[in-house]
Each structure stands twice: as C-alpha cells, then as structure tokens.
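In: Take this sequence and fold it.
(2 chains)
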Amino acid sequence: MLLLAPINFIDQLLLKYFDAATINNVIWPFIQIGLVVTVVAGWVAYASYLERKISAFMQARLGPMRVGPWGLLQPIADGIKLLTKEDFIPEKADRWIFFFAPYIAVAAAFLVFAVIPFGPDWAVITDINIGLLFVLAVSSVGVLALILAGWSSNSKYSLLGALRSSAQMISYEVAMGLSLIGALMFARTLSLSGIVSAQLSDSIWYIVYQPLGFLIFLVSGIAENNRAPFDLPEAESELVAGFHTEYSGFRWSLFFFAEYAAMVIVSSVAVTVYLGGWYFPFVYRLTEAKGYHNLYVIVSLLVFLVKLSVILYLYFWLRWTLPRFRYDQLMDIGWKWLIPSSLINITLSALAIFVVQALDGWHGIKTIEALANGLDLTATGKTVMIAMGLLGLGITGLLLARINWRSRDFNLKSQRRNIKLVSLPQGKPAVPAVVPAASE
Amino acid sequence: MPLVKVPKPKFIEKLQRFFMVDLLKGLRLTLKYNLGALTDKDSVGGKGIYTEQYPKVRPDVAPRFHGAPRLNMDPETHDTLCIACNLCAIACPEDCIDVLAMDVEIIVAGKPRKKKVLDEFIFDTSRCMFCALCQEACPTSCLELTQDFELATYSRAGFVWNREMLEQGRETVKYTR
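Out: Numbers count the residues shown, from 1 in each chain, chains lettered A, B, ... in the order given. Presented below is the predicted three-dimensional model:
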C-alpha cells in the first residue's frame, strides 16, 4: 500500500535510535498530538473564515475577498494583526488572573481533542474508558476561564457577561449530560471509540434511535458555547462584548480561539455519539475487508470531517438566522423544556430498550460479551426502536406543551392577552376637591 | 374593560407554533440566499450578491450629481476656454473661486491692445457646496462640475485645487480586484 510507505519509513528510522516500546508509547503519540494540534488549529482558524463567508452569503455580501484568492489568507492576516496589537491590561485589573484566564480557556478547549476519535486505529490519540465523562468535565472548566476573565477585568460589562455565561452554562450542562445518557444506554460504554464501534457493529447511527436526544444535545451545545441565538454573555447591544470587553490583541484572540475550538468539540461529540463518528456504511466493506487498512483510516477521517462540517454549518446557519433570546426566555428553554424532555427521553429510552429486548429474546443485554458491541438488535428490533424514537419525540413534545401551556412565552393567547389600562372614570373628569382656604 | 381586541389563535396557528414553522421558514430563507451566492456564476454583481463592489465596480451616480470641478479646454487647440471674466467668482455664494488674470499685449488691426488672459485659477473644494452656480454663470462653458466624487485628501491644503489640477484632473488609485 502506497499510503503506508512513509509511515513505515519513519518507523524504520526511529528504530535505529529508540526501542519499540518507546516508539509506540512516547514518540508516535507526540507525532499524533502535533498533527492534531496543527490540524485543529487550522480548522479553528478557517472556521472563522467560513463563518464570515457564510454570513456574508446569507446577507448577499461577499465577505473577505482582499487577502489571497477569495480571501483565503484572511485567517493568517487576522492572526498577524492580533499578534502585533497592543496587549493592554487595565490599570485596576487583577493582573495575574487577567493574565492567565485566556490560557485556561484555550487549554480546556484543546485538552478535549486528546480523546476525540477522528478515525479508527492510528487516527485517535488516546482512548480512555471514561472518554465522554472526560469531555464533559474538561469542557466545563472553560466556564471557569470566562468567570475569571470577567471578574479580573474589573469592569461592569465583563462581570455581567461572565455571570450570565456561568448561569447559562450551568443550566445547559444538565440538559447536555442527561441527553447523552439515552445514547449511552445503546452504546453501554463511555469510551468514545467504544461508542463509535458500537454503532459500527449495530450498523446504525444513534440519531435514528435518539432523535430527541440529538435535538436536546444540539440546542444545549449551542447554548453551552455561547453562540447565537444564545449569545447573551456577549450581547453587543447590552454588554459591549461580555467577558472579553477589556481584552485585546493576543489574549483576545486566545478567547476567540477557545470559542471556536469549543464549537468544534461539541460538534465532534455530537458526531461521535449521534452521527456514528467515523462510521459510514460500505466504507469498511470496500477498504478494510479488502486489506487496504490505511485507506480505511483515511476515508474514515474524511467521513468524520464531513460530518463535523455539516454540524458546524448548522451552527453558522442558526446563528445568522435567529435573533438573540431574551434572558428569561433562555432560562425558560433550559429549565422548562430541555431538562424535562431529557429526563423523559431517558425514561422512554429505557422503556423502549426493555420492550425491544423482550421482543428480541434478550440476546443483547444478558451476555457480558455483548457489552462492547452495543445492543446487537435484530432488524425487527431496529425498526421498532426507530418507530419508538419518533413516537417519543411526539410524546415528549405534547407532554411538555401541555405542561408549559400556561407559560407566557409559549402560549399565544396569553401573550396576546387583552391589555387592561388603569380604569378611567366614565363621564366628566372628577373636579378636584377645593381645599378651603385657611381662615385668617 | 378590554381596550385592545385580540383575535383568538386558530388551531392551525397553534399547530404552526408547535412545529416551529416560522423557524424553519427563516432557515429556508437564509439557505436560499447562501446557495444563491454559491451557485451564481458571476458572483460579483450577479443575482446572488447584491452589495455594490465599490472600488472594483464604480457606482452610477445620478445624472444631476455635481462633483469635482474641471476647467474645460478647446478640444483642437488645447487652449483654455476660460476668458478670465470672473463671473464664476462673483456667482459663487461661498467665495471659493479665485480667478487671477494677467494682461497680454496683442496686436489687433495694427494697434497694440491689452488682452486679459487667465493666469491662475484657485478652487477651494473644501468650501464648495457643489451648487453649480459657477457652472451656470460661465459664458464659455469652461468651468464644469463633473461626476467624479473622490475628493478626499490627506491634508487640508490638498482641497485647494490649482489650475493644473483643474485642467488635468486629479490622479486617483484604480482598483482592479
């Protein structure tokens, strides 16, 4: 295989200086990390370019056009501009915290890429058995950076933005974690590679089992990333720029980087858990089964990237379509809709798995060997499961609509309620009582 | 006492709200614009992009637009058409025109005569309000306000145009992309 040749060459070269264990456990991971950091940094930089382009197209503009053909070098120009700008620290700011907050944001964002399975075999840096938990835990550290940045800036806009973002992230983190549980019932592992291989062995994407869970995860993911329509922490009209109002130059660009990296992370988790990760029908049969292992890995990588771009496009699309929510509406959606529906989703998924297993004859859930391979449903079981997923979407929607029917943000009637002004007396205006003049 | 009459929402409206039809409509619109911009062959000024690409494509100004001044010359002899009559300077409400004339000795029918010719023409565009009264006053249609609108300069002195600038026109950067 031609694609294998350079890798084998590097392997031979390294074997002259190191033993095999060092190469496998130290040197190859370093090469992988370097590759992932460069590629992801490029992706993040070009995500900003794509966002500007797509927003321009949606508004019948052209977007960046001056730097390079079709403005393709714009991210580089932006980077140079930001690096050469003054790194301003306000006089009353808490210098050290102000100094380190952007680094926390970037570190938290980039640490997660260690466990994301970009493809099979050598395309994943490390596969830890609590991968999903790790992702959720580390990406939550990003909130800390925002709070520290907002607080240390010593500015009212920064502080308000940071408080908003922390409140928002806490309320949406719950829905996000709960929505993943439904999919984990099918995968029965927290390892991200394990989730993908469970979908591979079931030859299905969990979005068809879990349409509701996917929707909840997507909405709460957008809210978690402080993206429009949930970008209240950065609401320009109210808070200038939110938590990074006082930041400039390189430090600001780190926050920018962290925001886009967090976006890529949430999209890649969504792809891994719900859209089958690097798994695509027929790829295995056409490449790996015929002995082209590296081709299989590379095609799987491309599949992953295409799925990632679809979700990222959804992000941009929603951002440039929807206006920003009001703050109470944001909390309404989080607490009154997403968290209850994720709880309902868990209940219904458990029920559905029970029913389908009963129909299928318990051959997936009883044996411990089946753990790594998902639920191993038959065709009937799959059909019933898909039908139940769609049914669950309807049931949850109706149930929550019934519960929230009286809330003013949902109910059209109460929103358009008759406006009652302070009742005026009929007829002539009352003559003010004449105060008798004080007698002398 | 209800002061505003509100119609009751119909069942179809409730259904639309439940299925978020308005959100989907909005998404469809933005997607349509995006695809229109991508599938457009000639994307600059084509059907997908409506924004005017200014330095690349010059905008069409209104026919009665008055812009940078110009002193016209005789197309054959390339002498100035200005006869230094000073009518434009008198007509100007802002006093932004200075016509400096000088006398030249010429022989007319065997007798030496003095003729007034134009020496220098000062036009202060920073004070000009582009009313074109000078253009209407000019008897030889020499002074004219053209449709060129790029008058910005880096210094205040650059707004004062002399005769050479008025006759040759100012050099501007031409953008091609």
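In: what about the helices in chain B?
Out: In chain B, the segments counted as helices under DSSP state H are B:11-18, B:21-39, B:87-91, B:133-137, B:163-168.
In: For these, give me TSV that also has mean pLDDT.
Out: Below are the helices of chain B laid out as TSV (pLDDT from 0 to 100):
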stretch	mean pLDDT
helix B:11-18	80
helix B:21-39	84
helix B:87-91	90
helix B:133-137	90
helix B:163-168	86
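In: Throw these into CSV and include mean neighbour count and distance to A:Phe9, thanks.
Out: In short, each C-beta sits where N, CA and C put it, glycine included. CSV is the format used below for the helices of chain B (neighbours: other C-beta atoms under 10 Å in any protein chain shown; distance: least, C-beta to C-beta, whole Å):
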stretch, mean neighbour count, distance to A:Phe9
helix B:11-18, 12, 61
helix B:21-39, 15, 41
helix B:87-91, 18, 82
helix B:133-137, 17, 78
helix B:163-168, 16, 67
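In: right, so of those, which gets closest to A:Trp151?
Out: For A:Trp151, the closest of these is helix B:21-39, at 35.5 Å, according to C-beta to C-beta.
In: Distance check, A:Ser309 against A:Trp317.
Out: Per C-beta to C-beta, to the nearest Å, A:Ser309 is found 12 Å from A:Trp317.
In: can you tell me which of the helices of chain B comes nearest to B:Val61?
Out: Minimum separation from B:Val61 across these (C-beta to C-beta) falls at helix B:133-137, 16.0 Å.
In: Among A:Ser309 and A:Trp317, which residue is more densely surrounded?
Out: Legend: neighbour count by other C-beta atoms under 10 Å in any protein chain shown for A:Ser309 and A:Trp317, higher for A:Trp317 (18 against 15).
In: That one: which element?
Out: Using DSSP states H and E, A:Trp317 maps to helix A:293-319.
In: Could you report the distance from whatever residue of the stretch 251-400 of chain A ends up closest to chain B to A:Val219?
Out: As assessed by C-beta to the nearest C-beta, chain B sits closest to A:Thr321 within the stretch 251-400 of chain A, at 4.6 Å. Noted for A:Thr321: a distance of 14 Å to A:Val219, by C-beta to C-beta.
In: just to revisit the earlier point, how about the helices of chain B in TSV, adding distance to A:Met263?
Out: Shown next, in TSV, are these (distance: least, C-beta to C-beta, whole Å):
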stretch	distance to A:Met263
helix B:11-18	29
helix B:21-39	18
helix B:87-91	63
helix B:133-137	59
helix B:163-168	54
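In: Output the lowest mean pLDDT helix or strand found in chain B.
Out: helix B:11-18 (a mean of 80; mean pLDDT, DSSP states H and E).
In: Quick check: phi and psi on the closest residue in space to A:Ile403 that isn't next to it in sequence?
Out: In this structure, A:Ile403 finds its nearest non-sequential neighbour in A:Pro340, 7.1 Å apart by C-beta to C-beta, 6 or more residues apart in numbering or on different chains. Main-chain dihedrals, A:Pro340, degrees, to the nearest 10: phi -60, psi -40.
In: A:Pro340 touches A:Ala401, doesn't it?
Out: No: counting by C-beta atoms under 8 Å, A:Pro340 does not reach A:Ala401; the two are 11.3 Å apart.
In: can you state the direction angle for the helix holding A:Trp317 and helix B:21-39?
Out: Here the directions of helix A:293-319 and helix B:21-39 differ by 120 degrees (axes from the mean of the first three to the mean of the last three C-alpha atoms, to 10 degrees).
In: Remind me what the helix or strand where A:Ile403 lies packs against, helices and strands.
Out: According to DSSP H and E, A:Ile403 maps onto helix A:379-403. Packing partners of helix A:379-403 (3 or more C-beta pairs under 8 Å, 6 or more residues apart in numbering or on different chains; DSSP states H and E): helix A:206-209, helix A:211-224, helix A:339-360.
In: Tell me the pLDDT of residue 6.
Out: Reading this off chain A. With respect to pLDDT, A:Pro6 has a value of 65.
In: think we crossed wires, I meant chain B
Out: B:Val6 is assigned a pLDDT of 63 by the prediction.
In: list the contacts for the closest residue to A:Leu399 other than its chain neighbours?
Out: Excluding its sequence neighbours, the residue lying closest to A:Leu399 (C-beta to C-beta, 6+ apart) is A:Ile344, at 6.5 Å. Contacts for A:Ile344 were tallied using C-beta atoms under 8 Å, 6 or more residues apart in numbering or on different chains; they are A:392, A:395-396, A:399-400.
In: And B:Ile122, what's its pLDDT?
Out: On the pLDDT scale, B:Ile122 gets 91.
In: Repeat that for B:Gly158.
Out: B:Gly158 is given a pLDDT of 86.
In: repeat for A:Ile365
Out: Per-residue confidence (pLDDT) for A:Ile365: 58.
In: and if you look at the one 4 residues further on?
Out: Taken from the predicted model, the pLDDT recorded for A:Glu369 is 55.
In: same thing with A:Thr347?
Out: 90.
In: Nearest the geometric middle of chain B, what residue?
Out: What sits nearest the mean C-alpha location of chain B, by C-alpha atoms, centre = their mean, is B:Phe149, with 3.2 Å.
In: Surely it and B:Arg58 touch.
Out: No: judged on C-beta under 8 Å, B:Phe149 makes no contact with B:Arg58 at a distance of 9.6 Å.
In: Residue 62: how many residues sit nearby?
Out: Using chain A here. Neighbour count of A:Leu62, defined by other C-beta under 10 Å: 18.
In: Sorry, I should have been clearer: chain B.
Out: Number of residues near B:Ala62 (other C-beta under 10 Å) recorded here: 7.
In: Next one: it from B:Phe149, what distance?
Out: Counting by C-beta to C-beta, the separation of B:Ala62 from B:Phe149 is 11 Å.
In: likewise A:Ala258?
Out: Taken as C-beta to C-beta, the span from A:Ala258 to B:Phe149 is 44 Å.
In: ok, now A:Gly394?
Out: A:Gly394 is 61 Å from B:Phe149, by C-beta to C-beta.
In: Same check on A:Val384?
Out: Taking C-beta to C-beta as the measure, A:Val384 falls 71 Å from B:Phe149.
In: Equivalent analysis for A:Ala175, please.
Out: Taken as C-beta to C-beta, the span from A:Ala175 to B:Phe149 is 55 Å.
In: check contacts around A:Tyr247.
Out: By C-beta under 8 Å, 6+ apart, A:Tyr247 lies in contact with A:102, A:149, A:153, A:255.
In: Now do the helices in the stretch 1-150 of chain A.
Out: Remark: helices assigned in the stretch 1-150 of chain A by DSSP state H, counting those that start in this stretch are A:4-15, A:20-22, A:28-58, A:74-84, A:95-111, A:131-152.
In: Show me what the longest one is packed up against.
Out: Helices and strands touching helix A:28-58, by 3+ C-beta pairs under 8 Å, 6+ apart, are helix A:74-84, helix A:249-274, helix A:293-319, helix B:21-39.
In: Now distance to B:Thr140 too, for those helices, in a markdown table please.
Out: Below are the helices and strands packed on helix A:28-58 laid out as a markdown table (distance: least, C-beta to C-beta, whole Å):
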| stretch | distance to B:Thr140 |
| --- | --- |
| helix A:74-84 | 52 |
| helix A:249-274 | 60 |
| helix A:293-319 | 61 |
| helix B:21-39 | 51 |
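In: which one of the ones you listed is the most hemmed in?
Out: helix A:249-274 (a mean of 23; mean count of other C-beta atoms under 10 Å in any protein chain shown).
In: OK, contacts around the residue in the stretch 151-300 of chain A positioned nearest to chain B?
Out: Nearest residue of the stretch 151-300 of chain A to chain B (C-beta to the nearest C-beta) works out as A:Pro229 at 9.9 Å. By C-beta under 8 Å, 6+ apart, the residues touching A:Pro229 are A:222, A:318-319, A:322-325.
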